[in-house]
Every structure is written in C-alpha cells, then in structure tokens.
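Novice: Quick one: sequence plus predicted model below, questions after.
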Amino acid sequence: MPISTAPYTRHYAHTKSRGKEGTVTCGICGRQVPRYKTFTQRKGFRITDPAILQQVDRRMIHTMTQEIRLCPSCARFQGISQPGKSVRKKHMRY
C-alpha cells in the first residue's frame, strides 16, 4: 500500500547561505518563526452574487486580499499542511 501524500511538497529550503535567517510573526499565534518555515495563506473575500456583478462594473469593485504567514503548528491545525511521512506511516491502516 502506498504512503499517503500531502497536497504540496514539504521542504524547508534556506534562502541564504550564511548568517541569521529573517524571522516573521505568525498571523494566528504571534510566534516568531524563520521565514523559510512559514506557510502562506490568503485572506479576503469575493463577490460571487451574479445580481451584484451585473449591476456594477467589475473594474470598479475592489476586494482586499491579505497574505498572512503561518507557523508549521498553526498550518497543521488549520489543515493547510499535513504531518511528515513518519507520522503518516504510523497512522496508516492496512
């Protein structure tokens, strides 16, 4: 039986060869995390009601989207990421 796969490639790639990595604040818990370990999530809203879109020109509608960064534990809790292979193997049923 194959191991379950996550919907993304889980890898932490350092962006700089030397020195201290830049840190960012998690958008949910406020933890300071290295930037390369964070997961990005877009927050905002969309207008999908066809009645409103027919009355107003699409170029006149401005919907705000915000990109927040999440630490690995918050991303797991939100369902954005999945645990690593060893944990998925442990919970696999035959």
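Specialist: Good, I have the coordinates. From a predicted model like this one, the values you see are computed outputs, not experimental measurements.
Novice: Kindly state the pLDDT recorded for residue 74?
Specialist: For residue 74, the pLDDT comes out at 92.
Novice: please renumber so the chain begins at 110
Specialist: Sure, I'll start numbering at 110, so the last one becomes residue 183.
Novice: Neighbours of it, how many?
Specialist: 22 (other CB atoms under 10 Å). (Each C-beta comes from the backbone N, C-alpha and C, glycine too.)
Novice: Pull out the buried positions in the helix or strand hosting it.
Specialist: Following DSSP states H and E, one finds residue 183 within helix 181-187. By neighbour count with 16 or more other CB atoms under 10 Å, helix 181-187 contains the buried residues 181, 183, 184.
Novice: For residue 146, what are phi and psi?
Specialist: phi -90, psi -10 (degrees, to the nearest 10).
Novice: for this structure, what spans make up the strands?
Specialist: For the chain, strands defined by DSSP state E occupy the ranges 132-134, 141-143, 148-153, 174-179.
Novice: Lovely, talk soon.
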